[in-house]
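Undergrad: Here is my input, please return the structure:
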Amino acid sequence: MDCLQNLEKELELLKVEYAKFSGGNKTAGTRARKHLQNIKKIAQELRTSIRSSKKEEST
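TA: Just a heads-up that it's a prediction; the model follows:
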């Protein structure tokens, strides 16, 4: 459940930075990309966790 909470937090931060970027703040675009990279990392960890849990159930 910790991964989902981290994912939600990063998504909220992304929304804030993307809104700033859309308003014309160019440096907010860099921060938004950083949050997207963190989201990608967390999502991959979650996928790995789900896959390993699924394998454990089938054995």
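Undergrad: got the contact list for stretch 19-26?
TA: Residues from elsewhere that reach stretch 19-26, judged by Cβ atoms under 8 Å, 6 or more residues apart in numbering: 28-29, 32. The way it works is simple: take the backbone N, C-alpha and C, and place the C-beta from them, glycine included.
Undergrad: all helices for this structure, in order.
TA: For the chain, the helices defined by DSSP state H occupy 2-22, 26-58.
Undergrad: List the buried residues of the first one.
TA: The reference is to helix 2-22. Within helix 2-22, the residues that count as buried by 16 or more other Cβ atoms under 10 Å are 6-7, 10, 13-14, 17-18, 20-21.
Undergrad: quick one on the thing from earlier: among the contacts of stretch 19-26, which one is most surrounded by other residues?
TA: When neighbours are counted by other Cβ atoms under 10 Å, residue 32 leads those with 21 neighbours.
Undergrad: pLDDT score for the residue nearest to it when sequence neighbours are not counted?
TA: Nearest non-adjacent residue to residue 32, counting by Cβ to Cβ, 6 or more residues apart in numbering: residue 17, 4.1 Å away. We have a pLDDT of 98 for residue 17.
Undergrad: Contacts only, for residue 17.
TA: Residue 17 neighbours (Cβ under 8 Å, 6+ apart): 28-29, 31-32, 35.
Undergrad: can you do 6 Å?
TA: Residue 17 makes contact with 28, 31-32, according to Cβ atoms under 6 Å, 6 or more residues apart in numbering.
Undergrad: Now do it against residue 30, distance only.
TA: From residue 17 across to residue 30, the span is 9 Å (Cβ to Cβ, to the nearest Å).
Undergrad: what does residue 19 give?
TA: Counting by Cβ to Cβ - residue 19 and residue 30 are separated by 15 Å.
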